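Colleague: Let me see the structure of the following:
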Amino acid sequence: MNRNSFLIIVFLLTTYFTYGQKNITLQFNKEGQFKIAQFTDVHWDNKSPNCIKTTEVINSVLQVEKPDLVVLTGDIVTAPPAKDGWRALGKIFEKAKTPWAVVLGNHDAETDLTRQEIFDVIISLPFFVGIKGPKISGVGNYVLPIMGSKQRQSAALLYCLDSHNKPSAHKYGHYDWIHFDQIDWYRKTSEAFSKKNNNQPLPALAFFHIPLLEYNNIVGKGTTVGIKKEGVAASEINSGLFGSFIEKADVMGVFVGHDHNNDYIGIEHDIALAFGRTSGIDAYGVLERGSRIINLFEGKFQFDTWIRTKKGIEFAYYFPSGLSANDEDTMTYMPARSDVKNKTSGLSFTYYEGGRLKKIEDIFTKGKLIKEGVVNNFSFMPAESKDSFALVFKGFIEIPERAVYRFYTYSDDGSKLSIDGKVVVDNDGSHSAQRKEGKIALEPGLHEIELVYFEDYMGEILEVGWSSRFIREEVIPDKVLFTRKN
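Modeller: Just a heads-up that it's a prediction; the model follows:
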């Protein structure tokens with residue numbers, strides 16, 4: 001069987017088994033939105049009196065949010081008799097008439113049921129939309145396509161993966177990792193759906209229980225929001241799954257559980273990494289019990305997410321910008337310029353040379369003005385030297401809509417970006433290539449923009465980008481940059 005035939009079979013099988021079982025269709029609504037409620041670490045013990053309180057937590061979320069799908073991300077039923085526990089949980093979603101899916105955690109099969117037996121039970125329960133999946137490592141590796149609002153054609157994908165329990169030997173650490181055959185299945189499945197979509201990746205999310213090592217990288221970032229009260233209990237082995245997500249360019253967010261005192265979300269290499277909110281009363285942890293809500297937008301690599309508890313909403317967050325509702329509510333919006341009557345595409349520049357430049361102020365004390373002109377964008381096009389030069393770009397940026405915008409510069413050496421006279425990104429100093437970013441709230445229309453850059457010695461690099469709630473991070477395009485027409 002050739003590769004193309006295999007991809008077609010993967011596509012047909014995943015689609016058939018996802019929808020064929022109970023004739024349940026996951027579909028964007030007429031507004032082009034699809035809402036998911038993630039419940040994690042329920043730690044259901046059917047003999048515990050706390051089941052009543054856990055049920056209240058789940059029902060309170062379902063009643064307010066009315067999700068199109070529930071995803072349970074592991075450590076769900078953690079005490080025998082597990083069959084009774086799964087059936088009791090299933091009754092909650094049956095009563096709410098809400099489709100639900102499951103990925104298993106490290107504790108789920110430590111009861112009186114194996115991973116296979118768990119799925120034997122839940123596959124028959126009403127409104128359950130998962131499957132055991134192909135014969136690869138783990139149980140419950142599958143994809144859930146979400147149909148478009150107007151056509152019965154896949155518009156987004158939800159990958160569900162088994163992150164297992166313990167590795168084959170203690171020398172490999174305390175937790176297992178997602179294995180290569182699972183990653184290979186994901187890659188082939190992604191390729192199959194992309195091929196069906198004119199070779200373009202479909203927007204996708206991934207759900208599993210144990211976090212990836214990359215979750216450590218988002219701690220302390222400006223795009224990270226939420227609570228961190230414990231470490232990241234990931235596998236010590238990096239399986240390369242995150243690298244495959246980057247290569248296939250479909251997964252825009254990863255959602256896990258496992259660490260009960262973490263609920264933060266951040267962005268690493270254009271992919272959101274998020275913890276859910278612990279949901280079960282019998283689980284350890286100090287956080288108010290609740291759910292992470294994810295609201296997808298049809299045809300876009302975009303979603304909004306927030307934590308929902310009985311008390312209300314916490315940590316509303318927007319992908320792809322990495323901005324939060326708190327930014328929108330607390331920042332002062334800069335008004336657009338109304339005095340720019342004649343404009344033309346591009347930016348004006350002044351070019352300087354001379355002296356060893358160590359910081360931006362050295363440009364004007366050591367440098368000599370060589371020439372002036374207009375360029376399409378921030379670039380080295382005017383430069384006549386490879387070292388000891390500087391550029392000052394001035395003009396206007398056209399802001400499409402009222403929002404908080406995140407700007408960044410990636411430069412070697414120093415750079416400083418200002419909008420309406422306010423420094424937004426300070427990346428000053430003689431240094432190797434590094435990224436700095438900042439945010440500003442802007443009204444729609446033209447805003448004054450200035451970028452100062454200098455190159456000290458070797459390795460000249462300059463990239464200037466932006467993002468917002470509605471713009472996935474990109475280099476600022478030529479079409480939004482203007483200068484005054486003479």
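
Colleague: Now for Glu401: which residues touch it?
Modeller: Residues touching Glu401, when contacts are defined by C-beta atoms under 8 Å, 6 or more residues apart in numbering, comprise Pro444, Ser468, Phe470. Every C-beta, even on glycine, is put in place using the N, C-alpha and C of the backbone.

Colleague: Please produce CSV containing the residues you listed, extended by secondary structure and neighbour count.
Modeller: As requested, the contacts of Glu401 are exported to CSV (DSSP: H, G, I helix; E, B strand; the rest coil; neighbours: other C-beta atoms under 10 Å):
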residue, secondary structure, neighbour count
Pro444, coil, 14
Ser468, coil, 22
Phe470, coil, 15
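
Colleague: residue nearest the centroid of this structure?
Modeller: Ala272 (2.1 Å; C-alpha atoms, centre = their mean).

Colleague: Next one: the closest residue to it other than its chain neighbours from Thr305, what distance?
Modeller: In this structure, Ala272 finds its nearest non-sequential neighbour in Gly253, 4.0 Å apart by C-beta to C-beta, 6 or more residues apart in numbering. Here the distance between Gly253 and Thr305 works out to 8 Å (C-beta to C-beta, to the nearest Å).

Colleague: Please apply the same query to Cys51.
Modeller: Going from Cys51 to Thr305 by C-beta to C-beta gives 27 Å.

Colleague: same deal with Ala336?
Modeller: Distance of Ala336 to Thr305, computed by C-beta to C-beta: 30 Å.

Colleague: what about the two, which has more around it?
Modeller: Here Ala336 and Thr305 are compared on neighbour count by other C-beta atoms under 10 Å; more neighbours surround Thr305, at 23 against 18.

Colleague: pull the CA atoms of the helix or strand harbouring Leu451 into CSV?
Modeller: Leu451 belongs to strand 445-455 when assigned by DSSP states H and E. As requested, the backbone C-alpha atoms of strand 445-455 are provided in CSV (Å, rounded to 0.1, in the frame of the first residue of the first chain):
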residue,chain,number,x,y,z
GLY,A,445,-6.8,54.4,12.5
LEU,A,446,-3.3,55.8,12.0
HIS,A,447,-0.8,55.9,14.8
GLU,A,448,2.7,57.4,14.7
ILE,A,449,5.4,54.7,14.7
GLU,A,450,9.2,55.0,15.2
LEU,A,451,11.9,52.3,15.2
VAL,A,452,15.5,53.1,16.1
TYR,A,453,18.1,50.4,15.3
PHE,A,454,21.9,50.2,15.4
GLU,A,455,24.4,47.6,14.4
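
Colleague: other SSEs contacting that strand?
Modeller: The criterion is 3 or more C-beta pairs under 8 Å, 6 or more residues apart in numbering; DSSP states H and E, and the helices and strands that strand 445-455 contacts are helix 362-366, strand 389-399, strand 403-412, strand 415-419.

Colleague: now these in a markdown table, with distance to Gly90?
Modeller: Output for the helices and strands packed on strand 445-455, formatted as a markdown table (distance: least, C-beta to C-beta, whole Å):
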| stretch | distance to Gly90 |
| --- | --- |
| helix 362-366 | 67 |
| strand 389-399 | 49 |
| strand 403-412 | 41 |
| strand 415-419 | 53 |
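
Colleague: Perfect, that will be all.
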